[in-house]
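Trainee: model this:
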Amino acid sequence: MLMPTSLPPATATPRRRRSPSAATTIASVAALPVGPVTPELVPAATPVAIVRPVRPVDALAHVVEPTESNAQLRRERSAQLTADLLVADETADAELRRRLVLLHLDAAESVARHYGRRGQDHQDLVQVARLGLVEASIRYDPAQGSFLGFALPTMMGVIRRHFRDRAWSVKPPRCIQENAAVIARAREDLTHELMRWPTISELADHLGLTEAEVRAARQVDGCFQASSLDVPVGQRAESLGDSLSSVEARYDLVDTSLTLGPAYRQLDERDRRLIYLRFYSEMSQREIANEFGVSQMQISRWLVRVLRSLRQYLGDDTEPVRLAG
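Mentor: Numbering: from 1, shown residues only. As a prediction, the model looks like this:
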């Protein structure tokens, strides 16, 4: 059996070759002699260099700025980015401002935590504070000082506007909202000073407001976060909504009044007066008899006749019965 000679060594300069088809590969394998496979029988793979084009990207675009947990390191990094902003071109300016936002995300969370426990979800406040942080990064002028000194008042203002415009369950006028915030702070100050709750007149004198303005501002305390109607009331099993609502006993009289109206208007003046005195004024038959100057028996016969006529009128809508006079 003839053995194949050694294969020629691979050339130093690789050439790009067309990949063989499946039929060519099967034919090459079938042409090999049957026998044990030796290393000499396996053709050496020709190395092919694959070069992928690299897209040009901005030198800073792929960098993710970490949030420094150490306050001193964060201040140093912020100062460095601020210094870079002073000499950056338009392309690098946007990236440096993005890195300033990422560096101060924990500051946004701290501002949101400061306004917590006021009826708003903490994550909602964090998102609002981060929007304020982005707004501050857009309007920030690095020549005016540190970024954090500019961003903190901006974030606080955005959160206060969120409370003013979107957080009220029942939104009162803006002047009342502002008075309510001022009165709340003044009430705390006067409480520490007087060692008791201040009166409305004391609050009005302290703030230079009228007592009516103080009362109107204090009435909006429950408008910021409304109580749920499903909250249980006291030790009873009923909810707040059940305790506030009640069934009006006179609602059933509406249908009765609408039904009897056309029939009542068909009566003459004497019969309408008789119905009014007996069933509205609730006078007795003897009192009505004295009113008309007749006997009680006569009043009783009149009532029977009028009521029978009303029943007949209401019982047949297609062919009304003429009421007796």
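Trainee: how long is stretch 273-293 end to end?
Mentor: 14 Å (CA to CA, to the nearest Å).
Trainee: quick check: next helix or strand after the helix or strand bottoming out on mean pLDDT in the chain?
Mentor: The weakest-scoring helix or strand in the chain, judged by mean pLDDT, DSSP states H and E, is helix 22-30 (a mean of 39). Downstream of helix 22-30, the first helix or strand assigned by DSSP states H and E is helix 71-87.
Trainee: export that next one as PDB, just CAs?
Mentor: Extracted in PDB, the C-alpha atoms of helix 71-87 (Å, rounded to 0.1, in the frame of the first residue of the first chain):
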ATOM      1  CA  ALA A  71     -17.500  62.100  49.400                       C
ATOM      2  CA  GLN A  72     -13.900  63.400  49.100                       C
ATOM      3  CA  LEU A  73     -13.200  61.300  46.000                       C
ATOM      4  CA  ARG A  74     -16.500  62.500  44.500                       C
ATOM      5  CA  ARG A  75     -15.600  66.100  45.100                       C
ATOM      6  CA  GLU A  76     -12.200  65.600  43.500                       C
ATOM      7  CA  ARG A  77     -13.700  63.800  40.500                       C
ATOM      8  CA  SER A  78     -16.400  66.500  40.100                       C
ATOM      9  CA  ALA A  79     -13.800  69.200  40.200                       C
ATOM     10  CA  GLN A  80     -11.800  67.400  37.600                       C
ATOM     11  CA  LEU A  81     -14.800  67.100  35.300                       C
ATOM     12  CA  THR A  82     -15.600  70.700  35.800                       C
ATOM     13  CA  ALA A  83     -12.100  71.700  34.800                       C
ATOM     14  CA  ASP A  84     -12.400  69.500  31.700                       C
ATOM     15  CA  LEU A  85     -15.700  71.200  30.800                       C
ATOM     16  CA  LEU A  86     -13.900  74.600  30.700                       C
ATOM     17  CA  VAL A  87     -11.700  73.500  27.800                       C
END
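Trainee: buried set for that helix?
Mentor: Neighbour counts over helix 71-87 (16 or more other CB atoms under 10 Å) mark 74, 77, 78, 81, 82, 84, 85 as buried. (C-beta placed from N, C-alpha, C; glycine too.)
Trainee: avg pLDDT for that helix?
Mentor: The average pLDDT within helix 71-87 is 80.
Trainee: which residues touch it?
Mentor: With contacts defined as CB atoms under 8 Å, 6 or more residues apart in numbering, helix 71-87 is touched by 65, 67-68, 92-93, 96-97, 99-100, 103-104, 142-143, 146-148.
Trainee: please redo it, this time with the cut-off set to 6 Å
Mentor: The contact list for helix 71-87 (CB atoms under 6 Å, 6 or more residues apart in numbering) reads 68, 96, 99, 100, 103, 142, 147.
Trainee: same thing with stretch 273-291?
Mentor: Contacts of stretch 273-291 with the rest of the structure, by CB under 6 Å, 6+ apart, involve 295, 296, 299, 300, 302.
Trainee: now do stretch 114-126
Mentor: By CB under 6 Å, 6+ apart, stretch 114-126 touches 109, 112, 159, 167, 224, 225.
Trainee: in the helix or strand containing residue 176, what counts as buried?
Mentor: Using DSSP H and E, residue 176 sits in helix 174-194. Neighbour-count burial for helix 174-194, with 16+ other CB under 10 Å as criterion, is recorded at 176, 177, 179, 180, 183, 186, 187, 190.
Trainee: where's the dip in pLDDT among the residues you listed?
Mentor: Among those, pLDDT bottoms out at residue 177, giving 84.
Trainee: ok, that residue - contacts?
Mentor: Contacts of residue 177 (CB under 6 Å, 6+ apart): none.
Trainee: same thing with residue 195?
Mentor: For residue 195, no contacting residues are found, by CB under 6 Å, 6+ apart.
Trainee: quick one: the helices in the chain?
Mentor: 22-30, 71-87, 90-103, 105-114, 122-139, 147-166, 174-194, 200-207, 211-218, 240-244, 252-265, 269-275, 285-292, 296-315 (DSSP state H).
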